[in-house]
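A.B. asks: what shape does this take:
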Amino acid sequence: MTERIPARAALALLTDDFVPFSAPKGAHPPDGPLSWRGYDDARARARERTGEEESVVCGTALLGATRAVLVAFEFGFLGGSLGVRTGDRLEAAYTHARAQRLPVVTLVATGGSRMQEGMLALTQLQRVARQSALTREAGLAQIAVLRDPTTGGGWATLGAGADVTLALPGAQVGFAGSRVRPPDADPAAYTAQAQLAAGAVDDVVPASELRGTLALWLDLLTRPSAGTAPPPRALGAAGLPATGWDAVLRARSPRRPRAHAYLDAYFTHRVALRGDRCGGTDEGMLCGVGLTHGGRSVAYAAQCGTATRPAGYRTAARLVRLAGRLGIPVLTLVDTPGAANDADAERQGAGAAIADLFTAVATARTPVTTLVIGEGGSGGALALAAPGNTWATPDSYFSVIAPELAAAILKRPPDEVRGTADQLRVRPQDLLELGVVRGIVESAAV
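C.D. replies: Okay, here's the model as predicted:
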């Protein structure tokens, strides 16, 4: 089990100028709304033990160069549970964030809803969810940091519902707390690392790195930027392919620059958004936000040359929608032989995931720029492409289907694959002539 950090110590990890809010005023009947015998005594002991008046501490602070509203749970106060007074404080914090146009950072450590307040405690989750939704609609970023433990409704609202979810190593994370799980449950499934692998957490960050990581995330997410992101320069071969088959071979070459190289050249700093929030990840789809050499925040979704899995499409759609809410332009890099078509991909909802990404790109609230840097394999590639603002590198191709598969469908012998590639007109210059791409980007060396 990881060390349980008190609320004030967690805040001190992030900032040196935390200014707490005044607590909302409100009467509290003896022993709470249910007249739960001993509840007032339990609260008094919690105050004495922690020095806090409630299970959350709320205020504002400067994180790096960005002022934010901070909410820190105190697990030592009745297990960081949510009661009516907790809801009062959370609502006041979110209301202040919207009034002052500030992002919200929550440092979550909670066991769930407070039993001594019954259903009134549970309904605070609806209250929190509404405040979070209003803040999202206002175009303000929300980042959650999961401490130990993060379970129950706190995980299902403030934690999993944030735009970006970070976690401390070893933190216990899951909807079910340790005392209510099945007796044969694998404890390893209820950890920050397990949630990262399942696509529910974006990163696991050591406490010593949390201040710098949060400052960078906030800097990138609070830089709304008008205008379209320019396409990157080409990093590979400069000359155009002579034939369609030449274009295919160049795009498939293991020596061709891949997404990592393009992102490293385009950005000075970047942070990764991981997972589809539906139980899946795809290492072949890189998503996140970066700072360009011109000082602009640009969101990115980049294929890495592998067959893209449903989780990859869902993660990219999540990225495009987040960028739209926060006013950040998007860059997508196309490089895939096509969508994954194995049985697992079908069971994971490949068609629905691709459809969702098509919709996200088509309805994007900020400009999307696309560069085809390698293979553009059918609809699995097109889903990531911006209509009217797609560019190509000289060592790329885009095709309705791979030439080999086209030949097979047309019942052509293998020796006609090369000719089929020419007929499909897959070369960058063909795509430009057909109006599929806006242009062919020049080499970075030019």
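
A.B. asks: just checking, Ala42 is part of a strand?
C.D. replies: No: assigned with DSSP: H, G, I helix; E, B strand; the rest coil, Ala42 falls outside any strand and is helix.

A.B. asks: distance of it from Val57?
C.D. replies: 19 Å (Cβ to Cβ, to the nearest Å). For glycine as for every other residue, the C-beta is placed from the backbone atoms N, C-alpha and C.

A.B. asks: now do Ala229
C.D. replies: Taking Cβ to Cβ as the measure, Ala229 falls 39 Å from Val57.

A.B. asks: which stretches of the stretch 201-350 of the chain form helices?
C.D. replies: Per DSSP state H, counting those that start in this stretch, the stretch 201-350 of the chain carries helices over the ranges 210-221, 244-252, 259-266, 310-326, 343-347, 350-362.

A.B. asks: and those helices, which is most packed in?
C.D. replies: Among those, helix 310-326 has the highest mean neighbour count (mean count of other Cβ atoms under 10 Å), at a mean of 25.

A.B. asks: where does the protein have low pLDDT?
C.D. replies: Residue ranges of the chain with pLDDT under 70: 1-2, 445-446.

A.B. asks: mind doing that once more with 80?
C.D. replies: 1-3, 25-27, 176-181, 183-186, 188-189, 226, 444-446 (pLDDT under 80).

A.B. asks: backbone torsions only: list them for the residue nearest to Ala197 when sequence neighbours are not counted.
C.D. replies: Of all residues not flanking Ala197 in the chain, Thr281 sits nearest, at 6.9 Å (Cβ to Cβ, 6 or more residues apart in numbering). Phi and psi for Thr281, reported as degrees, to the nearest 10, are phi -130, psi 160.

A.B. asks: do Thr165 as well
C.D. replies: Taking degrees, to the nearest 10 as the convention, Thr165 sits at phi -120, psi 120.

A.B. asks: pretty sure it is touching Ala198, no?
C.D. replies: No: checked against Cβ atoms under 8 Å, the pair Thr165 and Ala198 is beyond contact range at 11.7 Å.

A.B. asks: the more surrounded of the two?
C.D. replies: Thr165 (30 against 17; other Cβ atoms under 10 Å).

A.B. asks: what sits against that one?
C.D. replies: When the contact criterion is Cβ atoms under 8 Å, 6 or more residues apart in numbering, the partners of Thr165 are Ile143, Ala144, Leu146, Gly159, Ala200, Val201, Asp202.

A.B. asks: then Glu53?
C.D. replies: Taking Cβ under 8 Å, 6+ apart, we find Glu53 in contact with Ala23, Arg47.

A.B. asks: before we move on, the earlier item: what is the burial count for the residue nearest to Ala197?
C.D. replies: When neighbours are counted by other Cβ under 10 Å, Thr281 comes out with 19.

A.B. asks: what does Leu125 give?
C.D. replies: Here the number of neighbours of Leu125 (other Cβ under 10 Å) works out to 19.

A.B. asks: between the contacts of Thr165, which has the most around it?
C.D. replies: Going by other Cβ under 10 Å, Leu146 tops the contacts of Thr165 with 31 neighbours.

A.B. asks: who does the helix or strand containing it touch, helix- and strand-wise?
C.D. replies: Element membership for Leu146, per DSSP states H and E: strand 142-151. Identification of packing neighbours for strand 142-151 by 3 or more Cβ pairs under 8 Å, 6 or more residues apart in numbering; DSSP states H and E yields strand 104-110, helix 124-137, strand 164-167, strand 173-174, helix 210-221.

A.B. asks: quick check: end-to-end length of stretch 275-291?
C.D. replies: 21 Å (Cα to Cα, to the nearest Å).

A.B. asks: now it: buried residues?
C.D. replies: 275-278, 280-282, 284-291 (16 or more other Cβ atoms under 10 Å).

A.B. asks: before we move on, what about stretch 117-125?
C.D. replies: Neighbour counts over stretch 117-125 (16+ other Cβ under 10 Å) mark Glu117, Ala121, Leu122, Gln124, Leu125 as buried.

A.B. asks: equivalent analysis for stretch 380-391, please.
C.D. replies: Those would be Gly380, Ala381, Leu382, Ala383, Leu384, Ala385, Ala386, Asn389, Thr390, Trp391, for stretch 380-391 by 16+ other Cβ under 10 Å.

A.B. asks: give me every residue that touches Cys58.
C.D. replies: Residues in contact with Cys58 (Cβ under 8 Å, 6+ apart) are Pro20, Phe21, Val69, Leu70, Val71, Ala72, Arg89, Leu90, Ala92, Ala93.

A.B. asks: could you pull up phi and psi at it?
C.D. replies: The phi/psi pair for Cys58 (degrees, to the nearest 10) is phi -120, psi 150.

A.B. asks: look up the residues forming beta bridges with it.
C.D. replies: Counting by DSSP bridges, Cys58 forms beta bridges with Val71.
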